[in-house]
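1. Next comes the sequence, and after it the predicted model I'd like to discuss.
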Amino acid sequence: MGTVTGLTAERMLAIEAASVVNGDVDANGNLILIKQNGSTIDAGYVKGAQGIPGTNAAPGSVTVVGDTTPIRTNDGRIKTAVPTAAEDATTKAFVNAADVALGVRIDGVNGRADTLDNLVKGVEIGANVDLNTIIPTGVYIQSDAAEVTLALNYPIVAAGLLEVFTNPAGTLFWQRYTVSGASSILQVWVRTIFDGVLSAWKSVLTDTGWVDATLQNGWVNYAGGYVNASYRLKNGVVFIRGLIKNGTITGGTLLFTLPAAYWPSANSINIVPAYSTGSARIDVMSDGRVIGQSGLVSTFTSLSIPAWPIN
């Protein structure tokens, strides 16, 4: 039969009072243990031999860069305070000067570098700059349509915004050209440059909506609920539609001219419905002219011309 030994409340309080709850090393190097009841136990000397002293060095310094003013406190710490207007100006001048070290090539003639501020806002490309030469990451602007030519490898003869992106290795570049919103159309073109090899420009996610054509040589819209003569560029494909009447029917008559963004890469012959002749021939030329070559009828002639890609 087992034996059960119990502790009285008095014994339990005594055990608790004798429990060590804290400790510290005193000035003599002795470890002093503190019991729950406040009494102490001297556990003896616990400090070891002193190590080899280190080499003294000159005091270091802390440079705080940015919109802050460093202040050294009495205990040697560094804290910052709100900068003054003069300090703000000094900091901005420092940052702008440092940004030039980015060395971004902006102008193909002068080869100048510009600040980070201008990289974000965009910098003018200027005249006679081939887009094939603009490969550093950045934002570039061509605001003068007169400086834009296909020979300089623009995707379209129109002012716009050029963005350039690159991979970390510097072997693959992306160029994105967005036609200026002040133009008659708004569209986006992209291409890549890999190890010096350029892909063709591609028109992406573009829709000009239907634009009314400016009819020539007496031709007017048929009206009466029929669709007006109009054209549209959608995702790189050009569409023409409409029903016209009352114009000159002589072969070679100019009906209207498409803007440069809509021009086909080559001339095309198109057969469309006409009132009494049954069909008419309308050519779309590579310079944007839409010409009635034969079979035109002034009562009405359709502009149901097949669509074509421009890239």
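-> Nice, thanks for sending it over.

2. which residues does Trp189 contact?
-> 155-156, 176-179, 201-204 (CB atoms under 8 Å, 6 or more residues apart in numbering). (C-beta placed from N, C-alpha, C; glycine too.)

3. Among those, name the ones in strands.
-> Among the contacts of Trp189, the residues falling in strands (DSSP state E) are 176-179, 202-204.

4. mind showing which ranges of the protein have poor pLDDT?
-> For the chain, the stretches flagged by pLDDT under 70 are 1-7, 9, 51, 54-121, 181-186, 311.

5. Can you tell me which of the contacts of Trp189 are buried?
-> Using 16 or more other CB atoms under 10 Å as the burial test, these include 155-156, 176-179, 201, 203 as buried.

6. Not counting stretch 30-50 itself, show me its contacts.
-> For stretch 30-50, using CB under 8 Å, 6+ apart, the contacting residues are 16-26, 28-29.

7. quick revisit: of the contacts of Trp189, which is the nearest to Gly252?
-> Ile156 (28.3 Å; CB to CB).

8. In space, what's closest to the closest one - neighbours in sequence excluded?
-> Ala261 (5.4 Å; CB to CB, 6 or more residues apart in numbering).

9. What number of residues are in the vicinity of the one you found?
-> Neighbour count for Ala261, taken as other CB atoms under 10 Å: 21.

10. Same check on Thr257?
-> Counted with other CB under 10 Å, Thr257 comes out at 17.

11. going forward, begin numbering at 41 instead of 1
-> From this message on, residue numbering opens at 41, which makes the last subject Thr297.

12. show me the contacts for it.
-> So Thr297 contacts 254, 256, 328-330 (CB under 8 Å, 6+ apart).

13. Recalculate using a threshold of 6 Å.
-> 328-329 (CB atoms under 6 Å, 6 or more residues apart in numbering).

14. In JSON lines, list the ones in strands among the contacts of Trp229 along with distance to Arg51.
-> Shown next, in JSON lines, are those (distance: CB to CB, whole Å):
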{"residue": "Arg216", "distance to Arg51": "85"}
{"residue": "Tyr217", "distance to Arg51": "91"}
{"residue": "Thr218", "distance to Arg51": "88"}
{"residue": "Val219", "distance to Arg51": "94"}
{"residue": "Lys242", "distance to Arg51": "91"}
{"residue": "Ser243", "distance to Arg51": "93"}
{"residue": "Val244", "distance to Arg51": "87"}
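
15. Just the closest of those residues to Gly335, please.
-> Distances from Gly335 to these, taken by CB to CB, are shortest for Ser243, at 32.7 Å.

16. Tell me what the closest one is bridged to.
-> With beta bridges defined as DSSP bridges, Ser243 has these partners: Trp229.

17. Tell me, how many residues neighbour Glu234?
-> One correction, residue 234 is Phe, not Glu. 12.

18. Could you do Leu283 as well?
-> Neighbours around Leu283, by other CB under 10 Å: 19.

19. With the one 3 residues further on instead?
-> Residue neighbour count, defined by other CB under 10 Å, stands at 14 for Asn286.

20. picking that back up, specify the local secondary structure of the residue nearest to Ile196.
-> Per DSSP: H, G, I helix; E, B strand; the rest coil, the secondary structure class of Ala301 is helix.

21. Apart from its neighbours in sequence, what residue is nearest Trp348?
-> Nearest one to Trp348, counting by CB to CB, 6+ apart, is Pro304 at 5.1 Å.

22. Report the separation between that neighbour and Leu201.
-> 26 Å (CB to CB, to the nearest Å).

23. Show me how far stretch 305-322 is from its chain's centre.
-> 44 Å (CA atoms, centre = their mean, to the nearest Å).

24. ends of that stretch, how far apart?
-> 17 Å (CA to CA, to the nearest Å).

25. So which bits of it are buried?
-> In stretch 305-322, counting by 16+ other CB under 10 Å, buried: 310, 312-314, 320-322.

26. same deal with stretch 329-348?
-> 329-332, 334-338, 340-343, 345, 348.

27. ok, now stretch 196-209?
-> 196, 198-204.

28. Residues touching stretch 278-290, excluding its own?
-> 257-260, 262, 266-272, 302, 336, 338, 340-343, 345, 347-348, 350.

29. run the last query once more with 7 Å
-> Residues from elsewhere that reach stretch 278-290 (CB atoms under 7 Å, 6 or more residues apart in numbering): 255, 257-262, 266-272, 293, 302, 336-345, 347-348, 350.

30. what separates the spatially most central residue of the chain from Ala57, distance-wise?
-> Central residue of the chain (CA atoms, centre = their mean): Glu203, 7.0 Å from the mean position. Here the criterion is CB to CB. By it, Glu203 lies 78 Å from Ala57.

31. need the contact list for Ile309.
-> Per CB under 7 Å, 6+ apart, neighbours of Ile309: 321, 323.
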